[in-house]
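Q: output the structure for:
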Amino acid sequence: TYRTLENYYIGKHKILYKQKNNANDPNNHIVNNMCKYITDSMVGYFIGNPIKYNSQNDEFMQKIQNVLEYNDEEDENTEIAKKSSIHGDCFEILYIDEDANIRFCKVPANEGILIRDSSSEDNYLGFIRIIRSFTKKKIEILKLEFSTSESTWYFESRAGGALQLVDIVEHYWNDVPVVEFINNEERIGDFEGVISIVDAYNTVQSNTANLFQYNDEALMKITKLGDVTTEDIEEMRIAGAVILDDGGDVAWMTKEINDTALENYKNRLVSDMHLFSSVPNMTDSSFSGNLSGVAISYKMWSMDQVVAIKERKFKKALQRRIELITNILNLFGGNYDYRDIN
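A: Sure, this is the predicted structure:
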């Protein structure tokens, strides 16, 4: 679910909820947040440098640039790219504010439902935005906005009651004022395919910590101590010596740790996380030294292919955003074609 993906990005992994079998056993919860590393790396590589626009129509370009700057478009694009990387897609809703300015803002995938014509992927029929909030008395308020190509219908309910129509407001976008930014055609997040590997790595790291903690706090096993009392043992501890009968022995009850096998297993998991997420391991020794441009390009090849898909999908969404903005500019007297913006 979207909530699970969001939790894995912020570090709330399955290992945090692992219960102890024995109250006396160590129970470390070590989170390796590879999910955040994958998304941050992908987003930075993909859109770390801001998108550039140009047009032969300087007047049109300036009007578009004014709208983009007013909406902090560079930051908006980065946040949309991040949400798309986490959830697989992200929505953006456009509206006119009280000062008649064109505005747009992201809507996470778990807060919106896009309705399309089954005959065309690009033909939007409507969009449902779901907004949940709570009063000071913790009464849930559910607001629902249903936008079509002509108007937006506002509904509201309280404390789980039926939705009531509150208002209907016409708009002039000449289309459903929503853009969907997709990560890929399947709408799969960048780390979604490696969550099980991340869980396995978290488990082995936590279990390794448990083993070391167990051995640090190991019990002492003493055989043939003889006929002694508790006071005798206390005196031995103070003196730092133990008196045993013939054939007696003192040893720690520890668990054996196969360091080589553990490290090989962990290294394989790390390697698989990078392999299946297409994000190279920048700490790998092969990245050290003076690598040629060709060598670096080869190591980044898989990530480049993923980013190329992102770029094509993102560009398509940006064109729709500009088309919607152009519809409003033309409503105010312009005569522009959104396809003039590159």
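Q: give me phi/psi at Ala109?
A: Ala109 adopts backbone torsions of phi -60, psi -30, taken as degrees, to the nearest 10.
Q: correct me, but it touches His87?
A: Yes: here Ala109 reaches His87: they are 4.3 Å apart, a contact under CB atoms under 8 Å. Bear in mind the C-beta positions are built from the backbone N, C-alpha and C, glycine included.
Q: joint contacts of those two?
A: Common contacts of Ala109 and His87, defined by CB atoms under 8 Å, 6 or more residues apart in numbering, comprise Tyr2.
Q: please enumerate the helices of the stretch 151-300 of the chain.
A: For the stretch 151-300 of the chain, the helices defined by DSSP state H, counting those that start in this stretch cover 195-216, 230-239, 259-277, 293-299.
Q: the longest helix in this protein is where?
A: helix 301-331 (DSSP state H).
Q: other SSEs contacting it?
A: If you count contacts as 3 or more CB pairs under 8 Å, 6 or more residues apart in numbering; DSSP states H and E, helix 301-331 packs onto helix 34-47, helix 58-70, helix 73-87, strand 89-96, strand 102-108, strand 178-182.
Q: tell me the most buried of these?
A: Among the helices and strands packed on helix 301-331, ranked by average contacts under mean count of other CB atoms under 10 Å, first place goes to strand 178-182 (a mean of 23).
Q: quick check: mean pLDDT of it?
A: The predicted model assigns strand 178-182 a mean pLDDT of 97.
Q: tilt between it and strand 89-96?
A: 160 degrees (axes from the mean of the first three to the mean of the last three CA atoms, to 10 degrees).
Q: of the helices and strands packed on helix 301-331, which approaches Ser147 most closely?
A: In terms of CB to CB, the element of these nearest to Ser147 is strand 178-182, at 6.6 Å.
Q: and the closest one with strand 102-108, angle?
A: 40 degrees.
Q: could I get strand 178-182 in PDB with only the CA atoms?
A: This file holds the C-alpha atoms of strand 178-182, laid out as PDB (Å, rounded to 0.1, in the frame of the first residue of the first chain):
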ATOM      1  CA  VAL A 178      -5.200  17.600 -12.900                       C
ATOM      2  CA  VAL A 179      -1.900  16.200 -14.100                       C
ATOM      3  CA  GLU A 180      -0.600  12.700 -13.300                       C
ATOM      4  CA  PHE A 181       3.100  12.300 -13.000                       C
ATOM      5  CA  ILE A 182       4.000   8.600 -13.400                       C
END
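Q: just checking, what packs against it?
A: Using 3+ CB pairs under 8 Å, 6+ apart as the contact test, the elements touching strand 178-182 are helix 73-87, strand 89-96, strand 112-116, helix 301-331.
Q: okay, the shortest one in CSV with CA atoms only?
A: By that I understand strand 112-116. Extracted in CSV, the C-alpha atoms of strand 112-116 (Å, rounded to 0.1, in the frame of the first residue of the first chain):
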residue,chain,number,x,y,z
GLY,A,112,-6.5,11.1,-5.3
ILE,A,113,-8.4,9.0,-7.8
LEU,A,114,-8.1,9.8,-11.5
ILE,A,115,-10.9,8.7,-13.8
ARG,A,116,-10.0,8.1,-17.4
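Q: ok and that strand relative to strand 89-96, angle-wise?
A: Going by the same axes, to 10 degrees, strand 112-116 makes 90 degrees with strand 89-96.
Q: average pLDDT for strand 112-116?
A: Rounded mean pLDDT across strand 112-116 is 94.
Q: with the last one instead?
A: What helix 301-331 shows for mean pLDDT is 95.
Q: tell me the buried residues in it?
A: Burial within helix 301-331, assessed by neighbour count using 16 or more other CB atoms under 10 Å, is assigned to 302-303, 306-307, 310, 313-314, 317-318, 320-329.
Q: follow-up on the earlier one: closest to Gly189 out of the helices and strands packed on strand 178-182?
A: Of the helices and strands packed on strand 178-182, the one closest to Gly189 (CB to CB) turns out to be helix 73-87, at 5.3 Å.
Q: just the CA atoms of that closest one, as PDB, please.
A: The C-alpha coordinates for helix 73-87 follow below in PDB (Å, rounded to 0.1, in the frame of the first residue of the first chain):
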ATOM      1  CA  GLU A  73       8.200  25.200  -9.800                       C
ATOM      2  CA  GLU A  74      11.700  23.900  -9.300                       C
ATOM      3  CA  ASP A  75      10.900  22.700  -5.800                       C
ATOM      4  CA  GLU A  76       7.500  21.500  -6.800                       C
ATOM      5  CA  ASN A  77       9.000  19.300  -9.500                       C
ATOM      6  CA  THR A  78      11.500  17.800  -7.100                       C
ATOM      7  CA  GLU A  79       8.800  17.000  -4.600                       C
ATOM      8  CA  ILE A  80       6.600  15.400  -7.300                       C
ATOM      9  CA  ALA A  81       9.600  13.400  -8.500                       C
ATOM     10  CA  LYS A  82      10.200  12.200  -5.000                       C
ATOM     11  CA  LYS A  83       6.600  11.100  -4.400                       C
ATOM     12  CA  SER A  84       6.500   9.400  -7.800                       C
ATOM     13  CA  SER A  85       9.700   7.500  -6.900                       C
ATOM     14  CA  ILE A  86       8.100   6.400  -3.600                       C
ATOM     15  CA  HIS A  87       4.600   5.600  -4.700                       C
END
